[in-house]
Every structure is written in structure tokens, then in C-alpha cells.
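> sequence unknown, structure follows:
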């Protein structure tokens, strides 16, 4: 059984759910969990259609009379070492038919289902079931419930301001992730399907239960698009509010995600990042004709632009020249201070243009900007666009029969990422994705 099937199978088995409402389920989930997700398995299964592996769809069918598949919670606890699924039992007899005979009650009143070789271990009490998807600590459902119900239930997710309300509302899938020392805010993400596209809505909830505003960003100035190549396959821009950027927080995030090497690189360029006082952007064109599917940088044109003062840009270019010379690479310096590096197929230019420090692999010239890019960028604090054609996608997923289009937007309180498949007709998006990954994992 491959990993994809195991994940789907675990998601189905966890569904010992319904009868009682969400608030009651959240009452039994401790507020100090690392993350809590809510999943509507019934809706997901409907969207997946016949793309679901037969063993998974059969199991869903057998459990429909035992559980309410529309209300399932996944709990990540113990520093990410434990992953539990919990839901409410509808029919105990149907549950027994699906999971086998339970054990006698233990001291905490739980009965257990051994699960065997193909099913995770499961525990049930008070009309709820807990399924151990991954357990590396000695924690038990009883211990988690005790934490949640301590002090009159004040230790439960139901009582976490704002975040509890988010998890209580019906949705196809959503997750709330705790800050865990990095921040005191919960990161909340909801996934929906609109117009055959996956849409992810992200926002942050502070300790008061209020949606936190976006800090450190200002609206994008689209003037950089006068120099951007088009048609573009990738574009990103963010308006930097210089006086309100949490550079230390960004560094911590980079260190946590990428480790010391990435953090060290970030520290080395931080002095220049702090000089940015407006829009920073990167735009790359579509690969040249005859290079569809190529990931070679020489087959596309790109430009990076960062708004800053002329003296700051001059220092950045001078520093770059010093490093290039130390590497023994040939570099040409023009009278205006711009640099040109040519090494094999790599042609790079660094200059100060129209208020921007500019790095590109072509000589930029002002031209009419792309109306589509202007419309996509205008009015947002940050926007990212990525279009990958089918030939390129198939380099990584050889069973994929589609291209990918991604759009990300940052607003004052909410951030949105939209994933759309292209070049594949009207095939429902989840069906197309699941068929790809099931076939890839089976190969």
C-alpha cells in the first residue's frame, strides 16, 4: 500500500463522526495542540469522484452508516510527534462492523479497536472516536481530553478566541496552526473549490480573537512593469513598508524552514533588504520557442527590481562587483556604474534604473507594460503569478496531462492563493490531481 493510499485510508477511518455538533468535538481537543484541521470527507469524496482508488471509495461507502463524514477533525500534538483523527460516532453497531469488536473499557472509559495490519489503532468513548494516524509519544486520547476539559473546559479549542469559531464553521477543508513560540497568532487556512480552481484563504488570528492586519506591506507600485518582459510565465511583486517590516521575524522563519545555510544567506543580504523603500519585484518571461518544458535559465528572460535610493543601489552594485572579481569572473563596468557579467550562457546586468536597483539577464528598455500584469498587481500589497505549461509539468509529473496556473494575493487582512489547471478541458480539478498522483505513486 503506497503512502498516498495510506493517507487517504487514514482520513477515512478517522471518521467516527456526527450526531453531536462541532462545538462538542472541539471541547475535547486541547487548546495547546500544534495544529487542528477540519475536513469534510463526504464533500471531498464527491469532488474526487471515480478518481478515488476503489479500496478507499469502498471503505467510505461502508462507513457512511457509522459516521458523519462531513465533520472530521485532525489534531497534531506533542510537537508534531502525534497525529490523531477524531469525530463523533453515529451508529456503534455499524462502527463495529467496520472496525471489528472493541476491547473492554479501560480505566478511563475508552474501548479500543486493534486495527490490525491495515488500520490504525482507534479508541472510542462518549460517542466519539480517536484514531492514531501517527503516534510517537506516550500520549493517549484520555490525556488529551483531560487537558481540554480542565478548568471547566477552558483548555479546549472551543474556547480559543476566533480560532475556535473558524474551526466550528462548515467547510470542505481547513486548518489552524499555532504560533508555537514563533508568533502568538494562529494561522488559519481554508480550502474551497470555485470555478474549478482550488482556492486557499489565509488569515491570522491574534490572542483576542481578532483577525490581525497585514504589517510591513504597502500597495504595489506597478511602474516596474514598464521594464518587465512579457508574456510572463512568472511574476511577483510586494510593496515594502520600510519602517514596519519585521526583518527579525522573517529571519527566524527562514531559519526554521531552511536551516542555518539559508539563514546565513539572508543575514548577508539583510543590509541591502533594509534599504528597500517601495516595491520589490521579479518577472520572468515564458521560455523561448523550442524550449517548452525547459528549466534552463538561459531559455527565458528575467528581471529583478527593488526600489531604493541611488546611493544604496550604488553600494549594492559595488559589493556585487567585489564578489564577482574575487570569483575570477569577467565583469564590465560602465561609466554610469552599471555592471555586465558574461560567463558561458549566463549574461547578467546590474544597474540603477528609474529609482530601482535592477538585475536582469537582458538590457532593460522601457516599453508598454502588459495590461494583464498591471490589472493583476494593482491595488494589492503583494501578488504572485506562476504559469507552468503542460510540457514543463510533465518533466516532474510524467502522468500529468495539464498545465498549472497559480495566483497569490496579499490583502490588508486576508491572503488568497488560487490553483487552476490549464490545457486539460473541464476535468474537475481534484479528479485530475488525484489521478496524477495515484498513477505516479503506482509506477
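Yes, it's here. On a predicted model such as this, the values are computed, not experimentally measured, just so you know.
> Tell me which helix or strand residue 341 sits in.
In the assignment (DSSP states H and E), residue 341 maps to strand 339-343.
> That strand: what's the following helix or strand?
As assigned by DSSP H and E, the chain's next helix or strand after strand 339-343 is strand 346-353.
> List the contacts of the helix or strand that that next one is followed by.
As assigned by DSSP H and E, the chain's next helix or strand after strand 346-353 is strand 356-360. Contact with strand 356-360 is made by 224, 227, 301-308, 312-313, 316-317, 348-352, 364, as judged by C-beta atoms under 8 Å, 6 or more residues apart in numbering. Backbone N, C-alpha and C define where each C-beta goes, glycine included.
> what does stretch 75-83 give?
Contacts of stretch 75-83 (C-beta under 8 Å, 6+ apart): 29-30, 33-36, 74, 84-86, 132-137, 139, 144.
> So which residue of this structure lies furthest out from the middle?
The C-alpha centroid of the chain is most remote from residue 335, which lies 45.2 Å away (C-alpha atoms, centre = their mean).
> Ramachandran angles for it?
Per-residue torsions, residue 335: phi -60, psi -30 (degrees, to the nearest 10).
> quick one on the thing from earlier: which members of the contacts of stretch 75-83 occur in helices, if any?
Among those, the ones falling in helices (DSSP state H) are residue 144.
> and the gap between the nearest residue to residue 43 once chain neighbours are set aside and residue 160?
Excluding the flanking residues, the one nearest residue 43 by C-beta to C-beta, 6 or more residues apart in numbering is residue 172, at 4.9 Å. Per C-beta to C-beta, to the nearest Å, residue 172 is found 22 Å from residue 160.
> Just want to know which of these two has more residues nearby.
Between residue 172 and residue 160, counted using other C-beta atoms under 10 Å, the more crowded position is residue 160 (25 against 20).
> now for the top helix by length along the chain, which elements pack on it?
Longest helix of the chain, by residue count under DSSP H: helix 310-326. Judged by 3 or more C-beta pairs under 8 Å, 6 or more residues apart in numbering; DSSP states H and E, the packing partners of helix 310-326 are helix 260-273, strand 331-333, strand 339-343, strand 346-353, strand 356-360.
> so where is the stretch 1-150 of the chain shaky, pLDDT-wise?
1-23, 115-119 (pLDDT under 70).
> can you give me the strands in it?
Assigned by DSSP state E, counting those that start in this stretch, the strands in the stretch 1-150 of the chain fall at 35-39, 72-77, 82-88, 111-113, 122-125, 128-135.
> May I see these organised as TSV, with mean neighbour count added?
Shown next, in TSV, are the strands of the stretch 1-150 of the chain (neighbours: other C-beta atoms under 10 Å):
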stretch	mean neighbour count
strand 35-39	22
strand 72-77	24
strand 82-88	25
strand 111-113	20
strand 122-125	23
strand 128-135	22
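> Tell me which of those strands lies nearest to residue 266.
Among the strands of the stretch 1-150 of the chain, strand 35-39 comes nearest to residue 266, with 25.5 Å by C-beta to C-beta.
> Tell me the span between the first and last residue of stretch 204-219.
Stretch 204-219 has an end-to-end distance of 19 Å (C-alpha to C-alpha, to the nearest Å).
> residues in contact with that stretch?
With C-beta under 8 Å, 6+ apart, stretch 204-219 has contacts from 160-163, 165-166, 176, 183-188, 203, 238-241, 244-246, 278, 379-382, 410-415.
> Can you point out the buried residues in it?
By 16 or more other C-beta atoms under 10 Å, the buried positions in stretch 204-219 come out as 204-206, 212, 214, 216-218.
> mind listing the helices for this protein?
Per DSSP H, the chain carries helices over the ranges 3-13, 22-27, 41-48, 54-63, 92-99, 141-153, 163-168, 247-258, 260-273, 310-326, 371-377, 390-396, 429-442.
> Throw those into CSV and include distance to residue 285 and mean neighbour count, thanks.
Output for these, formatted as CSV (distance: least, C-beta to C-beta, whole Å; neighbours: other C-beta atoms under 10 Å):
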stretch, distance to residue 285, mean neighbour count
helix 3-13, 35, 18
helix 22-27, 48, 19
helix 41-48, 35, 19
helix 54-63, 42, 16
helix 92-99, 54, 17
helix 141-153, 52, 16
helix 163-168, 40, 21
helix 247-258, 27, 13
helix 260-273, 25, 13
helix 310-326, 23, 15
helix 371-377, 11, 17
helix 390-396, 14, 15
helix 429-442, 27, 17
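> Surely the residue nearest to residue 43 touches residue 40?
Yes. Between residue 172 and residue 40 there is a contact under C-beta atoms under 8 Å: 5.0 Å.
> This protein - how does it break down into domains?
The record's domain parsing of the chain by automatic domain parsing lists 3-205, 217-241+278-412.
> need the ones you listed in a markdown table with distance to residue 427, can you?
Formatted as a markdown table, the domains of the chain follow (distance: least, C-beta to C-beta, whole Å):
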| stretch | distance to residue 427 |
| --- | --- |
| domain 3-205 | 8 |
| domain 217-241+278-412 | 8 |
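> Please identify which of those is closest to residue 264.
Closest to residue 264 of the domains of the chain is domain 217-241+278-412 (C-beta to C-beta; 14.9 Å).
> what mean pLDDT would you report for the closest one?
Here domain 217-241+278-412 scores 90 as its mean pLDDT.
> Which residues does stretch 33-47 contact?
Residues from elsewhere that reach stretch 33-47 (C-beta under 8 Å, 6+ apart): 11-12, 15, 22, 29, 52, 57, 60, 69-80, 157, 167, 170-178, 180, 193, 428, 430-431.
> go again using 6 Å as the cut-off
By C-beta atoms under 6 Å, 6 or more residues apart in numbering, the surrounding residues in contact with stretch 33-47 are 15, 29, 60, 69-70, 72-77, 80, 157, 167, 172-178, 430.
> Straight-line length of that stretch, end to end?
Where stretch 33-47 begins and where it ends lie 29 Å apart, using C-alpha to C-alpha.
> Format the strands of the stretch 1-150 of the chain as a markdown table; extra columns: distance to residue 47.
Converted to a markdown table, those look like this (distance: least, C-beta to C-beta, whole Å):
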| stretch | distance to residue 47 |
| --- | --- |
| strand 35-39 | 12 |
| strand 72-77 | 15 |
| strand 82-88 | 19 |
| strand 111-113 | 29 |
| strand 122-125 | 26 |
| strand 128-135 | 22 |
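> among those strands, which is nearest residue 406?
Of all the strands of the stretch 1-150 of the chain, strand 35-39 sits nearest to residue 406, with 21.9 Å by C-beta to C-beta.
> Name every strand pairing with that closest one and say which way it goes.
Its sheet considered, strand 35-39 pairs with strand 72-77 (antiparallel), strand 173-177 (antiparallel) by DSSP bridges.
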